[in-house]
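J.: Please work out how this folds:
(4 chains)
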Number of protein chains: 4
Amino acid sequence: MNLSIQVFVTGGTFDKTYNELTGNLFFKETHLHEMLHLGRSNLDLSISTLMMKDSLDFVEEDRAIIASACNTSNAERIVITHGTDTMTVTALYLQKHCPNKTIVLTGAMIPYKFGSSDGLFNLGSALAFAQTLPAGTYVAMNGRWFYGNNVRKNKQTGLFEEIN
Amino acid sequence: MNLSIQVFVTGGTFDKTYNELTGNLFFKETHLHEMLHLGRSNLDLSISTLMMKDSLDFVEEDRAIIASACNTSNAERIVITHGTDTMTVTALYLQKHCPNKTIVLTGAMIPYKFGSSDGLFNLGSALAFAQTLPAGTYVAMNGRWFYGNNVRKNKQTGLFEEIN
Amino acid sequence: MNLSIQVFVTGGTFDKTYNELTGNLFFKETHLHEMLHLGRSNLDLSISTLMMKDSLDFVEEDRAIIASACNTSNAERIVITHGTDTMTVTALYLQKHCPNKTIVLTGAMIPYKFGSSDGLFNLGSALAFAQTLPAGTYVAMNGRWFYGNNVRKNKQTGLFEEIN
Amino acid sequence: MNLSIQVFVTGGTFDKTYNELTGNLFFKETHLHEMLHLGRSNLDLSISTLMMKDSLDFVEEDRAIIASACNTSNAERIVITHGTDTMTVTALYLQKHCPNKTIVLTGAMIPYKFGSSDGLFNLGSALAFAQTLPAGTYVAMNGRWFYGNNVRKNKQTGLFEEIN
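T.: This is a model prediction of the structure:
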């Protein structure tokens, strides 16, 4: 069975690129297609970029856009790439506003374009969790899944963990 | 909840390395620990190498060793890294001999050590499927999961697909 | 003939690393040994880190330290890794203060640790130029060599070019 | 001064690629353009593929083709990418048949497409040596240059070294 999955790109470290003229990190376009190609993905995916933002810059309106996109999507199963800094804030928001779908948020600690990124590992696990978990909002990081209302990022270790 | 997962390494393209003195591909040691480190895995894993073989060289005895290791493991959830050429043969074997555990076989089309490997993506998805699928034997490739008794590798495309 | 070459590390994009907890680029330690290992270098090198700075932060005193290190080194041939932004300023300074040695400055537009770095190419060329050019101070970038008093970085293209 | 350099591609480990359907290494097309792009090369290069062969398969006729191409090229400075196994045989041949040009042979111990290749380092050094060494045939490996008639590959260490 090859379930349809909607993927929404919102930015985050995952998609940051190095600007060699300025020495800054910035967003150009998502690397998601390249990553799926690398992973030899044969999933039935619809991919759409909602925004390209550092998640520290997210405002309420951004989360409303994401929730609306989730609710109006035809897909029952959704993966969202998102910056890790406020991923859990968005997860909590979606848990309230999108109760009927399986939504999995993931991201990366290191930009995909840098040699040592966790992005491909996280993407593989997020797409797998999206196919197998029941309706609800989840965070997929560090190989694990968390309920959207019971997860925080530990700023000392960089790891995600349960609140309770 | 952080489920214990047993990982058994059996070789395969996944772990092949280039011998720069002879120009051949060979097995040295598994790259699994390096890959899990890259993926910032925080899973509770036990990792054990059963063999380091090209899966074309597998004989019945190898599969018996794997089945025995699965059945005697304390873990209910098991991931096996395996060459892709006979991965489905082993999956069928384990489905018969290990009915009570969730067993997920995965591998890679390109060695992890080569820049463009699908290995990290597959590992992320296999570990996720192992946490969420019920007892049974599965193959995780191309972002998807397949029942161990209904999957084949398409030798023209390199993709895994259902038989029926 | 295997000439002795002194390598001085001063920082620059070449050696920048991504801090996954803060999302900033920073200096930890030089990647030079790893790069030389990758290049299977069999050169007779002495490697010493003078400082780890963004070259935009260099002050006159930093250049005096580099010049002094060049003049007191036993080696007649010296390679300096340096940020590209003020590499030509340092080259001009060394040309005045270190007239008797072959000094080659090089760097990178993209940090070595990011997949797409020019660092390894530049290091290979700088070490080669250091073995073959007569006494004088040079910049080695873009596969080419430039006299230290006739080179600028084109900020639009990111390429180094002759002034005259 | 931006000297014209002719680059001749002849194959070798440098350009080998992994065939994921068969698990074998093979030649598709040269990675030289990609490598020069990565190195931000701004050299005036003409690039031409003479053959795509494992250098163990080279016969006298292959070397005659290379020598003829060198002698008829407009460029005075030539870089040749070549398998390492018989690189020194070709170097000796070219030293006899192409006395009036600066010819630098280089290659790689690990295919460029594999993460840990020495290819980019060697290419950078070979192009630099081609710009600075006088007429003659040379091998550029391990960061060093060797006279074409005084170099061998040490099969135990994989390093190139002087015969005398």
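
J.: For the spatially closest residue to A:Asn100 that is not a sequence neighbour, grab the count of nearby residues.
T.: Excluding the flanking residues, the one nearest A:Asn100 by Cβ to Cβ, 6 or more residues apart in numbering or on different chains is A:Ala135, at 5.7 Å. Just so you know, the C-beta spots here come from the backbone N, C-alpha and C atoms, and that holds for glycine as well. Around A:Ala135 there are 12 other residues, counting by other Cβ atoms under 10 Å in any protein chain shown.

J.: Hmm, A:Ala135 is touching A:Gln95, no?
T.: No - counting by Cβ atoms under 8 Å, A:Ala135 stays clear of A:Gln95, with 10.6 Å between them.

J.: if we can go back for a sec, so what's the residue nearest to A:Asn100 up against?
T.: With contact taken as Cβ atoms under 8 Å, 6 or more residues apart in numbering or on different chains, A:Ala135 is in contact with A:76, A:99-102.

J.: What does it show for phi and psi?
T.: Main-chain torsions, A:Ala135, degrees, to the nearest 10: phi -50, psi 140.

J.: Let me know the pLDDT of it.
T.: Note for A:Ala135: predicted pLDDT of 97.

J.: Roughly how far does it sit from chain D?
T.: Distance from A:Ala135 to chain D, counting by Cβ to the nearest Cβ, to the nearest Å: 37 Å.

J.: could I have stretch A:32-48 exported to CSV, CA atoms only?
T.: As requested, the backbone C-alpha atoms of stretch A:32-48 are provided in CSV (Å, rounded to 0.1, in the frame of the first residue of the first chain):
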residue,chain,number,x,y,z
LEU,A,32,13.8,18.2,-0.1
HIS,A,33,13.6,16.9,-3.7
GLU,A,34,17.4,16.3,-3.7
MET,A,35,17.1,14.4,-0.4
LEU,A,36,14.2,12.3,-1.6
HIS,A,37,16.1,11.5,-4.8
LEU,A,38,19.1,10.4,-2.7
GLY,A,39,16.9,8.3,-0.5
ARG,A,40,15.5,6.6,-3.7
SER,A,41,12.1,7.5,-2.3
ASN,A,42,9.3,5.8,-4.1
LEU,A,43,6.5,7.3,-2.0
ASP,A,44,3.5,9.1,-3.4
LEU,A,45,4.3,12.6,-2.2
SER,A,46,2.9,16.1,-2.8
ILE,A,47,5.4,18.7,-1.8
SER,A,48,4.7,22.3,-1.2
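
J.: How about residues contacting that stretch?
T.: With Cβ under 8 Å, 6+ apart, stretch A:32-48 has contacts from A:2-9, A:15, A:30, A:69, A:73, A:75, A:81, A:112, A:119-120, A:123-124, A:127, B:109, B:116-118, B:121-122, B:141-144, B:158-160.

J.: and with 7 Å instead?
T.: Outside stretch A:32-48, the residues that touch it by Cβ atoms under 7 Å, 6 or more residues apart in numbering or on different chains are A:2-9, A:75, A:81, A:112, A:119-120, A:123-124, A:127, B:109, B:116, B:118, B:121, B:142-144, B:159.

J.: Make a PyMOL selection of the buried ones in the residues you listed.
T.: Buried residues within the contacts of stretch A:32-48, by 16 or more other Cβ atoms under 10 Å in any protein chain shown, are selected in PyMOL with:
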select buried, (chain A and resi 5+6+7+8+9+75+81+112+119+120+123+124+127) or (chain B and resi 109+118+121+142+143+144)
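
J.: now, which of the contacts of stretch A:32-48 lie within helices?
T.: Among the contacts of stretch A:32-48, the members found in helices (DSSP state H) are A:119-120, A:123-124, A:127, B:121.

J.: rewinding a little: and the gap between the residue nearest to A:Asn100 and chain C?
T.: For A:Ala135 relative to chain C (Cβ to the nearest Cβ), the value is 32 Å.

J.: try A:Leu105
T.: When A:Leu105 is compared with chain C (using Cβ to the nearest Cβ), they lie 18 Å apart.

J.: Counting by contacts, list what whichever strand or helix holds that residue packs against.
T.: Taking DSSP states H and E as the criterion, A:Leu105 maps to strand A:102-106. For strand A:102-106, the packing partners by 3 or more Cβ pairs under 7 Å, 6 or more residues apart in numbering or on different chains; DSSP states H and E come out as strand A:77-81, helix A:87-97, helix A:119-132, strand A:136-141.

J.: For it, which outside residues touch it?
T.: Outside strand A:102-106, the residues touching it (Cβ under 7 Å, 6+ apart) are A:70, A:76-82, A:87, A:90-91, A:94, A:122-123, A:126, A:129-130, A:133-141.

J.: Okay, now the unreliable bits of chain A?
T.: Filtered on pLDDT under 70, chain A yields the residue ranges A:1-2.

J.: Determine how far the strand holding A:Leu105 lies from the middle of the whole chain.
T.: 7 Å (Cα atoms, centre = their mean, to the nearest Å).

J.: Same question for stretch A:106-116.
T.: 12 Å.

J.: what's the span of that stretch, first residue to last?
T.: Start-to-end span of stretch A:106-116 (Cα to Cα, to the nearest Å) is 17 Å.

J.: Report the buried residues of that stretch.
T.: A:106-115.

J.: which ones are touching the residue of chain A positioned farthest from its centre?
T.: Residue farthest from the centre of chain A, counting by Cα atoms, centre = their mean, is A:Leu21 at 28.5 Å. Neighbour list for A:Leu21: C:155, C:158 [criterion: Cβ under 7 Å, 6+ apart].

J.: doesn't it fall inside a strand?
T.: No - applying DSSP: H, G, I helix; E, B strand; the rest coil, one finds A:Leu21 to be coil, outside a strand.

J.: If A:Thr81 is in a bridge, with which residues?
T.: A:Val9, A:Thr106 (DSSP bridges).

J.: Identify the residues contacting it.
T.: Shown in contact with A:Thr81 (Cβ under 7 Å, 6+ apart): A:9-10, A:12, A:14, A:32, A:106-107.

J.: Distance of it relative to chain B?
T.: A:Thr81 sits 14 Å away from chain B, going by Cβ to the nearest Cβ.

J.: A:Ala126 now?
T.: Counting by Cβ to the nearest Cβ, the gap from A:Ala126 to chain B is 8 Å.

J.: burial count for that residue?
T.: By other Cβ under 10 Å, the residues close to A:Ala126 number 27.

J.: The closest residue to A:Thr90 other than its chain neighbours sits in which helix or strand?
T.: Distances taken as Cβ to Cβ, 6+ apart place A:Arg63 nearest to A:Thr90, at 5.5 Å, with adjacent residues excluded. Using DSSP H and E, A:Arg63 sits in helix A:60-72.

J.: Much appreciated, bye for now.
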